[in-house]
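Peer 1: Next come a sequence and a model predicted from it.
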Amino acid sequence: MSRSPIVIKVGGALLDDAAAMTRLFLSVKEVQKSRPVAVVHGGGPLVETLMASLGLKSTKIDGLRVTPDEHMPYICGALAGSANKQLCAAAIASGLTPVGLSLLDGNMVVCEPLADKYGAVGTPATADASFLKSVLAQSVLPVISSIGSSAQGRLLNINADQAATVIAELLDAELLLLSNVDGVLDGNKALIGELDATRIEEYSAAGVIVDGMKVKVDAALQSANTLSRAVYIASWTADITDILNKNTGTQIIPCETSSLNGVLGDNE
Ligand SMILES: Nc1ncnc2c1ncn2[C@@H]1O[C@H](COP(=O)(O)OP(=O)(O)O)[C@@H](O)[C@H]1O
Ligand SMILES: CC(=O)N[C@@H](CCC(=O)OP(=O)(O)O)C(=O)O
């Protein structure tokens with residue numbers, strides 16, 4: 001088995017399922033015996049609940065949460081605070097040694113505001129890998145929230161799938177995006193085993209891949225292209241080794257691979 005690190009992104013709905021969290025962290029503990037692992041997490045449902053209880057209206061555009069700067073203290077508290085520490089506590093209960101971090105720690109990732117209409121929402125880019133590599137070298141488990149900062153120090157809310165792709169790029173890692181569905185589903189709700197750029201465009205245009213899944217698939221494709229390896233979208237109830245062995249979930253195939261296969265196929 002390859003020794004390259006694995007980045008596992010978990011969606012926020014996992015926080016509502018204590019048994020699934022335990023199973024996942026026990027599985028991470030197994031994988032960690034042979035490869036370094038970093039976890040990146042979301043917390044969308046937690047943010048929704050908090051905003052509602054505060055009487056604050058929260059909307060999304062194209063799967064991204066519109067985030068006025070004055071909402072940031074709450075969103076930061078929910079993601080970098082509650083969600084991050086809940087996951088760290090679950091990791092401890094599974095016998096792991098977690099270290100809770102956010103994108104803005106250790107100059108790992110630098111973010112830029114996306115566009116005014118989104119407010120304090122950013123796009124992340126890799127900065128310096130040395131801090132995260134030194135954390136991984138200590139055999140602890142980084143658990144990273146998607147709160148980032150601009151170079152000027154503006155706190156930014158980053159979609160957690162996009163956060164995970166930059167962490168994977170920072171480490172040249174394999175990337176697993178784990179969610180509350182088995183993978184990307186077609187119009188009949190059947191699992192799609194493999195997707196390349198062309199089929200992603202087709203399914204998106206047909207309205208089959210929408211909302212959070214559209215953001216996830218786009219982030220996965222961009223990352224697959226940058227890393228020149230497939231990115232996996234699967235359920236957090238699936239076994240990690242099964243996902244890597246392509247027995248379950250959806251593989252997002254990088255453009256170079258699909259065109260390379262085409263060239264090889266033509267020559268056969
Ligand atoms: N084609 C599709 N296949 C699977 N899920 C889809 C698809 N299109 C939209 N979705 C929705 O996307 C959700 C997963 O995205 P999201 O809620 O952002 O997950 P996460 O919080 O795990 O990142 C699914 O629960 C489903 O409601
Ligand atoms: C800009 C943006 O949309 N940020 C997301 C960050 C959390 C997230 O992505 O959580 P999931 O992985 O659970 O969806 C949000 O505020 O919901």
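Peer 2: That came through fine. Numbering: from 1, shown residues only. Ligands and ions are numbered 1, 2, ... in the order given.
Peer 1: need the helices for this structure, in chain order.
Peer 2: Using DSSP state H, the helices of the chain run over residues 18-32, 44-53, 72-76, 84-93, 130-136, 160-171, 197-205, 211-227, 240-244, 255-267.
Peer 1: Please identify the deepest-packed of the ones you listed.
Peer 2: Each of the helices of the chain was assessed for mean neighbour count using mean count of other CB atoms under 10 Å. The highest is helix 160-171, with a mean of 27. For glycine as for every other residue, the C-beta is placed from the backbone atoms N, C-alpha and C.
Peer 1: Send me it as CSV with only the CA atoms.
Peer 2: Extracted as CSV, the C-alpha positions of helix 160-171 are listed here (Å, rounded to 0.1, in the frame of the first residue of the first chain):
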residue,chain,number,x,y,z
ALA,A,160,-15.4,22.4,3.8
ASP,A,161,-15.0,20.3,0.6
GLN,A,162,-12.9,23.1,-0.9
ALA,A,163,-10.9,23.3,2.4
ALA,A,164,-10.3,19.5,2.1
THR,A,165,-9.0,19.8,-1.4
VAL,A,166,-6.4,22.4,-0.5
ILE,A,167,-5.2,20.3,2.5
ALA,A,168,-4.9,17.3,0.1
GLU,A,169,-2.9,19.4,-2.3
LEU,A,170,-0.7,20.7,0.4
LEU,A,171,0.2,17.1,1.4
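Peer 1: Would you confirm that C76 contacts R154?
Peer 2: No: between C76 and R154 there is no contact under CB atoms under 8 Å: 11.8 Å.
Peer 1: joint contacts of these two?
Peer 2: Counting by CB atoms under 8 Å, 6 or more residues apart in numbering, no residue touches both C76 and R154.
Peer 1: Pick out the residue of the stretch 101-250 of the chain closest to ligand 2.
Peer 2: A160 (3.4 Å; CB to the nearest ligand atom).
Peer 1: Same check on the chain?
Peer 2: Closest point on the chain to ligand 2, by CB to the nearest ligand atom, is G42, at 2.0 Å.
Peer 1: Now do the same for that residue: its pLDDT.
Peer 2: Listed pLDDT for G42 reads 96.
Peer 1: Quick check: phi and psi at V140.
Peer 2: phi -100, psi 170 (degrees, to the nearest 10).
Peer 1: Which pLDDT value does the model give it?
Peer 2: On the pLDDT scale, V140 gets 97.
Peer 1: how close does the residue nearest to it when sequence neighbours are not counted get to G43?
Peer 2: Spatial nearest neighbour of V140, chain neighbours left out: T97 (4.5 Å); criterion: CB to CB, 6 or more residues apart in numbering. Using CB to CB, to the nearest Å, one obtains 22 Å as the distance from T97 to G43.
Peer 1: What parts of this structure come near ligand 2?
Peer 2: Residues of the chain lying close to ligand 2 by CB under 6 Å from any ligand atom are 11-12, 42-44, 47, 64-65, 75, 79, 121, 146, 157, 159-160, 212.
Peer 1: biggest separation within those residues, which pair?
Peer 2: G11 and V121 (17.6 Å; CB to CB).
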